[in-house]
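K.L.:
A structural model of the following input is requested.
(chains A and B)
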Amino acid sequence: MAPLIVPLVKIGLLVFALLTAAAYLVLLERWIAAWVQDRKGPNRVGIPLTSIKLFGLGQPLADGLKFIFKEEYTPAHVDKALYTLAPITILAAALAIFAVIPIGSVLPLDLPGTDGPIKLVVAPGVDVGMIYVFALSSIAVYGVILGGWASNNKYSFLGGLRSSAQLIAYEIPLGLGILGVVISTGSLRLENIIFEQAQSGVWNSFTQPLGLVVFVVASFAEAARLPFDLPECEQELIGGYHTEYSGMRLLLFLIAEFLHMVVAAFLIVILFFGGWHFWGMPVPADDIISWSVAGLRILVLIAKVLAVILFFMLIRWSWPRFRFDQLMNLAWKVMLPLGLVNLMAVAAVVEYQHAREIEDLSTNAWLPVGIGWGVAIVAWIVAALFAPLHTDNRPRLDVLQPPAFEPNSLRSK
Amino acid sequence: MKPTDPKIKWIEEPKLGLAGKMYLPLFVQGLSTTAKHLFSPKVTVSFPEARPQIGNPLIYRGVHRLNKDSQGRVKCVACFLCATACPAHCIDIVGVESPWPDREKYPQSFTIDELRCIFCGMCEEACPVDAIELTSLCDLTGRSREELIFDKEKLLSVYDQTKDAEPMKSNSLGGTL
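P.N.:
Here you go, the predicted structure:
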């Protein structure tokens, strides 16, 4: 029984935790928004039926109740099947990504029928972990496109179109950022990627700063957060692909959006900031780990993820949105070359270490760090000098032809 | 207007220096501005617990009151200037012959529909005897539309309620009567 029960308990706990976390991230986002704008933010709703306010920690409950009791309106002109399928697709894909994401390392709990300590991953030991994450995050695009298409609304459709172009463009830098880490680690398993960094004590962000920048920018775009939230920008497209949605279906979209941000934060922490590792923490093998170390690892990982999420939210209020042509230029003319440069540098370092047969990476850790930073600074300056991000969007007078359109000539036919 | 029109004056945007093209200085600048505001004092007033600070009660335009003279009589002489000046037509006065010798008329009834009122303060400006004034009471609420049609008694009671905190403006500004 235990081999079946343990994963089920894990899934239940994870889904509950994720949905709660998404609800509280909405509160956090509103708080940050308020504080940055010198307001106080939601601080009224506390325990229901009492006057205890608890700094507004009851707000997610009230928001959830509001969404549940709202009318779930289906416009007459939508494609009903796809209209319902879209939010389900996007949320299911967003939740499924967490199957391979380790929340901490292991728990030293020896249950009968299980082999060894319980791993804090729903699907432990998936050898294609990174590819799985990548594949499912691509499926999330379908939810957006389906929602935009099924809504049968021009604003939704424009949001869906923008989303498809944007996500496809940014999947390449995202993949390049991941590829650098995968090459230097030699494994696609997220647990291995963390363990490698913990063993050497040198996080991938030190050896691949360029990869980190490319990956972070691409994951902002993948999560459709500002400054890349063109699929749903309120000022231009009302709500983008979820213009026509209301009630629970809208809630599913919003939860999925926040889960994308959580996934991005987890991936940034795991790939580039050492996951549950922090200097001074012991790194014992999985089968002799103590409860205190196991708990500390979970805390460190969650703290890092929260810090990244805070960064996401601060960026939202610091940077204005890109224009769409700038967004595309950034993806194809800046991030793609920078990702390739990073990949080449990482590959060269790994190949050098293989050739010199350097086995113990921790003693020679500072060589890749120096090369990584040198390459990053040079590539950054070169990219800046070429300045491919055009801020000028005036009509180009040198190529502009006088308009040949004459209404009378059309009318006479 | 066509883009090739010679009347259009195209303005060159300022050129970015290397630091601007590098993005990082601007990035740090933006983030530090945001972070600074994150911890700066907040301007929100937690309303029911904390009352808003009204800068100058003399010029604030809140709920109306009808002033009383030194003998406790209503100051209004039912001249209808406020009702005439009112752009929202929210003042309704019934003037009758005054029982007192110092004036000809006085208002038998004086009602203001606070829901119609746009709080422009023109009644206050029009009044020749400084009888109608706008106080600094800003939390005007009621449970029905009828409740917010203030009659003479209500308006006089607003005077009694606010006369200590806000003395009559005509007194402080050197007015008459």
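
K.L.:
where does the stretch 201-350 of chain A have low pLDDT?
P.N.:
For the stretch 201-350 of chain A, applying pLDDT under 70 flags the ranges A:286-287.

K.L.:
Up against chain B, what does it have?
P.N.:
Within the stretch 201-350 of chain A, the positions near chain B by Cβ under 8 Å from any Cβ of the partner chain are A:314-315, A:317-319. No exception for glycine: its C-beta is placed from N, CA and C like everyone else's.

K.L.:
Which of the residues you listed ranks first by neighbour count?
P.N.:
With neighbours set by other Cβ atoms under 10 Å in any protein chain shown, the maximum within those is found at residue A:318, which has 21 neighbours.

K.L.:
SS state for the residue nearest the centre of chain B?
P.N.:
A centroid search over chain B (Cα atoms, centre = their mean) returns residue B:61, at 2.4 Å, as the residue closest to the centre. Counting by DSSP: H, G, I helix; E, B strand; the rest coil, the backbone at residue B:61 sits in coil.

K.L.:
Nearest to residue B:100 among the residues of the stretch 201-350 of chain A next to chain B?
P.N.:
residue A:317 (64.0 Å; Cβ to Cβ).

K.L.:
what helix or strand does the closest one sit in?
P.N.:
helix A:291-318 (DSSP states H and E).

K.L.:
quick one on the thing from earlier: just confirm the residue nearest to the centre of chain B contacts residue B:121, I think it does.
P.N.:
Yes - contact criterion Cβ atoms under 8 Å: residue B:61 and residue B:121 qualify, at 4.7 Å.

K.L.:
sorry, back to before: just the pLDDT for the residue nearest to the centre of chain B.
P.N.:
pLDDT, residue B:61: 89.

K.L.:
For it, which residues are in contact?
P.N.:
B:119-121, B:124, B:134 (Cβ atoms under 8 Å, 6 or more residues apart in numbering or on different chains).

K.L.:
sorry, back to before: which pair in the residues of the stretch 201-350 of chain A next to chain B spans the largest distance?
P.N.:
Most distant of those, by Cβ to Cβ, are A:314 and A:319, 9.5 Å apart.

K.L.:
Point out where chain B drops to low pLDDT.
P.N.:
For chain B (pLDDT under 70), the answer is B:170-177.

K.L.:
Run through the residues of chain B sitting next to chain A.
P.N.:
Checking chain B against chain A by Cβ under 8 Å from any Cβ, the hits are B:2-4, B:10, B:13, B:16, B:18, B:21-23, B:27, B:30-31, B:33-35, B:37-44, B:46.

K.L.:
Recalculate using a threshold of 6 Å.
P.N.:
Contact residues (Cβ under 6 Å from any Cβ of the partner chain) of chain B with chain A: B:3, B:21-22, B:30-31, B:34, B:37-38, B:42-44.

K.L.:
which of those tops the neighbour count?
P.N.:
residue B:34 (20 neighbours).

K.L.:
I'd assumed residue A:316 was in contact with it.
P.N.:
No - if you go by Cβ atoms under 6 Å, residue B:34 and residue A:316 don't touch, sitting 9.0 Å apart.

K.L.:
Enumerate every residue touching the residue of the stretch 201-350 of chain A found nearest chain B.
P.N.:
Distances between the stretch 201-350 of chain A and chain B by Cβ to the nearest Cβ are smallest at residue A:318, namely 4.0 Å. Contacts for residue A:318 (Cβ atoms under 6 Å, 6 or more residues apart in numbering or on different chains) come out as B:30-31, B:34.

K.L.:
If we use 10 Å, what do you get?
P.N.:
A:36, A:226-227, B:26-35, B:37 (Cβ atoms under 10 Å, 6 or more residues apart in numbering or on different chains).

K.L.:
For those, give me CSV that also has distance to residue A:211 and secondary structure.
P.N.:
Formatted as CSV, the contacts of residue A:318 follow (distance: Cβ to Cβ, whole Å; DSSP: H, G, I helix; E, B strand; the rest coil):
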residue, distance to residue A:211, secondary structure
A:36, 29, helix
A:226, 23, coil
A:227, 20, coil
B:26, 22, helix
B:27, 18, helix
B:28, 21, helix
B:29, 25, helix
B:30, 23, helix
B:31, 21, helix
B:32, 25, helix
B:33, 28, helix
B:34, 26, helix
B:35, 26, helix
B:37, 32, helix
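
K.L.:
closest to residue A:336 among those residues?
P.N.:
Out of the contacts of residue A:318, the member with the shortest distance to residue A:336 (by Cβ to Cβ) is residue A:227, at 18.2 Å.

K.L.:
ok, the closest one - how many residues close by?
P.N.:
Neighbours around residue A:227, by other Cβ under 10 Å: 18.

K.L.:
Over to the one 3 residues further on?
P.N.:
Applying other Cβ under 10 Å, we find 23 other residues in the vicinity of residue A:230.

K.L.:
Verify the stated contact: it with residue A:224.
P.N.:
Yes - the pair residue A:230 / residue A:224 is scored as a contact, 7.7 Å apart, by Cβ atoms under 10 Å.

K.L.:
got the contact list for residue 132?
P.N.:
In the absence of a named chain, chain A is used. A:96-97, A:99-101, A:123, A:126, A:188, A:190.

K.L.:
ah, no, chain B please
P.N.:
Counting by Cβ under 10 Å, 6+ apart, residue B:132 has contacts B:64-67, B:75-76, B:81-83, B:91, B:110, B:112, B:121, B:123-126, B:155.

K.L.:
what sits opposite it in the beta ladder?
P.N.:
residue B:66 (DSSP bridges).

K.L.:
could you check the distance from it over to residue B:80?
P.N.:
To residue B:80, residue B:132 is 12 Å away according to Cβ to Cβ, to the nearest Å.

K.L.:
helix or strand for residue A:260, which one?
P.N.:
Residue A:260 belongs to helix A:247-272, assigned by DSSP H and E.

K.L.:
So for that helix, what gets flagged as buried?
P.N.:
A:247, A:249-272 (16 or more other Cβ atoms under 10 Å in any protein chain shown).

K.L.:
Would you mind giving the orientation angle of that helix with respect to helix A:291-318?
P.N.:
110 degrees (axes from the mean of the first three to the mean of the last three Cα atoms, to 10 degrees).

K.L.:
Give me the distance from helix A:247-272 to the chain's centre.
P.N.:
How far helix A:247-272 lies from its chain's middle: 6 Å, per Cα atoms, centre = their mean, to the nearest Å.

K.L.:
any idea how far stretch A:312-327 is from the chain center?
P.N.:
15 Å.

K.L.:
Span of it from start to end?
P.N.:
18 Å (Cα to Cα, to the nearest Å).

K.L.:
Ok, stretch B:146-158 next?
P.N.:
Terminal-residue distance, stretch B:146-158 (Cα to Cα): 17 Å.

K.L.:
Show residues contacting that stretch.
P.N.:
B:62-68, B:72-76, B:90, B:92-94, B:107-117, B:131-133, B:135, B:137, B:140-142.

K.L.:
Would you mark the buried spots in that stretch?
P.N.:
B:148-150, B:152, B:154-156, B:158.

K.L.:
In strands only, show me these.
P.N.:
Judged by DSSP state E, the subset of the buried residues of stretch B:146-158 located in strands is B:149-150.

K.L.:
For chain A, state which of the buried residues of stretch B:146-158 is nearest.
P.N.:
The nearest one, if we look at the buried residues of stretch B:146-158 relative to chain A and count by Cβ to the nearest Cβ, is residue B:148, at 25.7 Å.
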